[in-house]
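**Student:** Kindly generate the corresponding structure for this input.
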Amino acid sequence: MSAVELIALASTVSLLAGWRLYLVTLAVGLAMKFGWLALPVQLHTLDVLANGWIIGIAGVGALAEFFADKVPWIDSIWDAVHSLIRPIGGALLAGAIVDSADPAWQVGSFLLGGGAALLAHAGKAGARTLINASPEPFSNIAVSTGEDVATAGLLGLAIANPVAAALIAIILVMASLWLVFAARRALKRWLEPKRPRTG
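**Tutor:** Down below sits the predicted model:
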């Protein structure tokens, strides 16, 4: 795996951790434990994810997140609690992917991974807060299911083609951030008191 592919894999995994940290950890751990994923030698530090305890904790977290993320306002509370956990998880995953023999690369990937996870988390949490303002619960379930599918699909693509997955992940995060800012502007205009016409 080339340096570019390693960086792309690290950035994709950390971005996805900003959406679904437990699902990413569980999927990678299971794939490694059962030999579905043959990681290159450089990624030996990820072996800890195949530990039974880590898989169990990630499984419980993924299950809890799956249901919490479908319920309006519970998902926002869940996101608030994970505002620190997801960026740290993304940073640790990115740091584990990059070669530990070079401390400069590790520190750089740790910082970039944490930033990428924080960016993805901020876009997700902000968009969910706006979606929760909708009176019906179906949009929340649809968006949450879409995030589940996108996370699983991008994780699979990241293993097969890390560069393509990183580009798609970046586009999705930028789109979600744009959506947050656009929706905030629209909501602000809608909530402004209407001034009576004069003349």
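**Student:** How far off centre is whatever helix or strand A120 lives in?
**Tutor:** A120 is part of helix 103-131, with elements assigned from DSSP states H and E. Taking CA atoms, centre = their mean, to the nearest Å, one finds helix 103-131 lying 8 Å from the centre of the chain it belongs to.
**Student:** Give the buried residues for it.
**Tutor:** 105-106, 108-110, 112-129, 131 (16 or more other CB atoms under 10 Å). C-beta: built from backbone N, CA, C; applies to glycine.
**Student:** for this structure, what spans make up the helices?
**Tutor:** 3-33, 52-68, 74-81, 85-97, 103-131, 138-160, 162-191 (DSSP state H).
**Student:** Against which helices or strands is the first one packed?
**Tutor:** Contact here means 3 or more CB pairs under 8 Å, 6 or more residues apart in numbering; DSSP states H and E; on that basis helix 3-33 packs against helix 52-68, helix 85-97, helix 103-131, helix 138-160, helix 162-191.
**Student:** Also the third one?
**Tutor:** On a contact count with 3+ CB pairs under 8 Å, 6+ apart, helix 74-81 meets helix 52-68, helix 103-131.
**Student:** Of all those helices, which one is nearest L9?
**Tutor:** Comparing these against L9 with CB to CB, the closest turns out to be helix 103-131 (10.3 Å).
**Student:** So which other helices or strands are in contact with that closest one?
**Tutor:** Against helix 103-131 (3+ CB pairs under 8 Å, 6+ apart) you get helix 3-33, helix 74-81, helix 85-97, helix 138-160, helix 162-191.
**Student:** Please tell me how far G126 sits from P72.
**Tutor:** For G126, the distance to P72 equals 15 Å [CB to CB, to the nearest Å].
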